[in-house]
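# What follows is a predicted structure for the sequence shown.
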Amino acid sequence: IIEQMQKFVDSEGGFVGGDEALVVGNLVKANKDNLAAVIPILLARKKLKSRISIIMSLLRQLQFFPQLYSDYSFVNESTGSKLQAVFTALAGLDGSVYGPIALKAKQMLESTLTLPFQTRLQTLKETILAGHIDTTSLSVEPSTFINA
């Protein structure tokens, strides 16, 4: 899943924030001796809407992995950094066409960075019991302990 999302980011990277006609022109100029290399990129771009719906589907499915597979975690050592990198890349896609993907990726990235509830609760209990808490700042900013 991570590889497929990364392929999407890689293929769309040149089009983000640029005029599509200008990007295509630059691709043709850069590959004037090998125009066959440009064809897969242009075909992929032509199918952008269906590719976006596939990425959205992958993100929605991935969102429920921790609930479906009790041993799966977004922050495990083998895939955690790769997953955060691809979420960051997807969240950074600029343009209205990428809006749903960027929003979902930002939500997923935030969920990977938020500590589990029990960990946050334990940290809050320890801090309160130790007496090292500024209750005034906690009342003003209740999310102080979300990522503590």
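Structure's in. What do you need?
# Name the residue most distant from the centre of the chain?
Computed with CA atoms, centre = their mean, the residue of the chain farthest from its C-alpha average is G131, at 37.8 Å.
# For Q4, see how far away it is.
50 Å (CB to CB, to the nearest Å). All C-beta atoms are positioned from the backbone trio N, CA, C, and that covers glycine.
# Mean pLDDT per helix and strand in the protein: which one sits at the bottom?
When each helix and strand of the chain is scored by mean pLDDT, DSSP states H and E, helix 135-140 comes last, with a mean of 69.
# What does the most centrally placed residue in the chain show for phi and psi?
Closest to where the C-alpha atoms of the chain average out (CA atoms, centre = their mean) is F87, at 1.7 Å. In terms of degrees, to the nearest 10, the main-chain angles of F87 are phi -60, psi -40.
# If we ignore the residues flanking it in sequence, what's nearest it?
L109 (4.0 Å; CB to CB, 6 or more residues apart in numbering).
# my guess is the one you found meets A89, correct?
No - assessed by CB atoms under 8 Å, L109 is found out of contact with A89, at 10.1 Å.
# can you map out the helices along this structure?
Taking DSSP state H, the helices of the chain run over residues 2-12, 20-30, 39-46, 48-63, 65-68, 80-91, 99-113, 117-130, 135-140.
# Please report how far N34 lies from E12.
As for N34, its distance to E12 is 21 Å (criterion: CB to CB).
# quick one, which of the two is more surrounded?
More neighbours surround E12 than the other of N34 and E12, with 23 against 8 (other CB atoms under 10 Å).
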